[in-house]
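A.B. asks: Sequence first, then the predicted structure, then my questions.
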Amino acid sequence: MTQFYKIRDFSALISDTFGFFQTHGRNYFRNWLLLNGPLLILLVVMFVIGYSEFFSQISGAAGDGSSYLWQEYFEENQIMLFLSLAAVFIVFLAASIISYTFPVFYMKRLSETGNKDIKADEILFDIRSNASRFVLFFLGMLFIVAPVFLVVIGISYALMIIVIGFFMLLFLLPLAMNVINFLLFHYFHTGQGFFQSLSYAFRSQFNYANFPNRSPLWKYWGSTFIMYLIINVITTIFTMIPLVIMMFRIFAVMEDGSGTGPQNPMAGGMGMLFFMTYGVSILVSFILMNLILVNGGLMYYDSRTDLHRNVDLSNIDAIGRNEA
């Protein structure tokens, strides 16, 4: 079984993340798919059907040279478009809630009970029991963390004209992701308030007190950067496929001078393949996010040196009882 509360160096954070899935992956993803699978499938279906129709109307009007047609389409279907967008938002929000809270409660139960056979009902109970706290967490993220994050990222983008902005983004994006993950884990592990958890999440990235020899900043940053790089490589493969399909389709339309060729690049089976592939990429992105979240959880347990000694004493006590 994975030992959660212990000091890990950079290589251990990477290897233990994959080791976690090697040991607990079957139970983890079975429960994750039971809770989140139906929502994600519904989200993909809604995306494929709804947005394929939406973009088909736009590209079809553009292909006919009648830009007013898509404006007319909007005006005639305002209510339907609004309801569709609202439905997609609700399903996406529900899937996001489960995706972000599931690793927290799963690892919390596993670290506290040692039970490897965790049930989906247990995780669902934890999510429901903390629903009000998640609403406060969501509001704090929306009105406090997100504005600060956008300002800092905006400044970094502006500074890209003098190159330094690129390095700022390279440093700040993994750091921001770590702060958010630590905030998420600390908020639901300790029962502390949002601001207390946010303070701990930020301080723990630079905490020399818990790590007197060196700051944990770079091992946390490097671990998240590697996970993010792995996820980006995999998801890029999926996103590039529909983009290549769309480009070939558009070139076919542009080169067709007879007037009898396909005027809508999104029409037919190729257009459906485009949206199905893009929908699958959304599903893959949700699944791969578990890498960063579990990795973030191991970093959080690494930072909780106040609990490491208690766990070590418990292990020694358990060994003594077994020998007796």
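C.D. replies: That came through fine.

A.B. asks: Which elements pack onto the helix or strand in which residue 21 is found?
C.D. replies: Secondary structure from DSSP states H and E places residue 21 in helix 10-46. Applying 3 or more Cβ pairs under 8 Å, 6 or more residues apart in numbering; DSSP states H and E, we find helix 10-46 packed against helix 78-113, helix 120-129, helix 217-255, helix 268-303. Every residue, glycine included, has its C-beta placed from N, CA and C.

A.B. asks: Please identify the deepest-packed of those helices.
C.D. replies: Comparing the helices and strands packed on helix 10-46 on average neighbours per residue, with mean count of other Cβ atoms under 10 Å, the densest one is helix 268-303 at a mean of 20.

A.B. asks: Could you pull up the mean pLDDT of that helix?
C.D. replies: Helix 268-303 comes out with an average pLDDT of 83.

A.B. asks: for it, packing partners?
C.D. replies: Using 3+ Cβ pairs under 8 Å, 6+ apart, helix 268-303 sits against helix 10-46, helix 52-63, helix 78-113, helix 164-190, helix 217-255.

A.B. asks: how about a cut-off of 6 Å?
C.D. replies: Using 3 or more Cβ pairs under 6 Å, 6 or more residues apart in numbering; DSSP states H and E, the elements in contact with helix 268-303 are helix 10-46, helix 78-113, helix 164-190, helix 217-255.

A.B. asks: For residue 196, which of the ones you listed is the nearest?
C.D. replies: The closest of the helices and strands packed on helix 268-303 to residue 196 is helix 164-190. By Cβ to Cβ, the value is 8.1 Å.

A.B. asks: So for this protein, the centremost residue is which one?
C.D. replies: residue 289 (4.2 Å; Cα atoms, centre = their mean).

A.B. asks: if I look at that residue, how far off is residue 181?
C.D. replies: For residue 289, the distance to residue 181 equals 11 Å [Cβ to Cβ, to the nearest Å].

A.B. asks: pLDDT weak spots in the stretch 1-150 of the chain?
C.D. replies: 1, 51-74 (pLDDT under 70).

A.B. asks: now the residue nearest to the centre of the chain, nearest residue through space, not along the chain?
C.D. replies: Excluding the flanking residues, the one nearest residue 289 by Cβ to Cβ, 6 or more residues apart in numbering is residue 99, at 6.1 Å.

A.B. asks: and residue 116, which of the three is it?
C.D. replies: coil (DSSP: H, G, I helix; E, B strand; the rest coil).

A.B. asks: separation between it and residue 11?
C.D. replies: Distance from residue 116 to residue 11, by Cβ to Cβ: 25 Å.

A.B. asks: Dump the helices and strands packed on helix 268-303 to JSON lines, plus distance to residue 146.
C.D. replies: Output for the helices and strands packed on helix 268-303, formatted as JSON lines (distance: least, Cβ to Cβ, whole Å):
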{"stretch": "helix 10-46", "distance to residue 146": "22"}
{"stretch": "helix 78-113", "distance to residue 146": "14"}
{"stretch": "helix 164-190", "distance to residue 146": "10"}
{"stretch": "helix 217-255", "distance to residue 146": "19"}
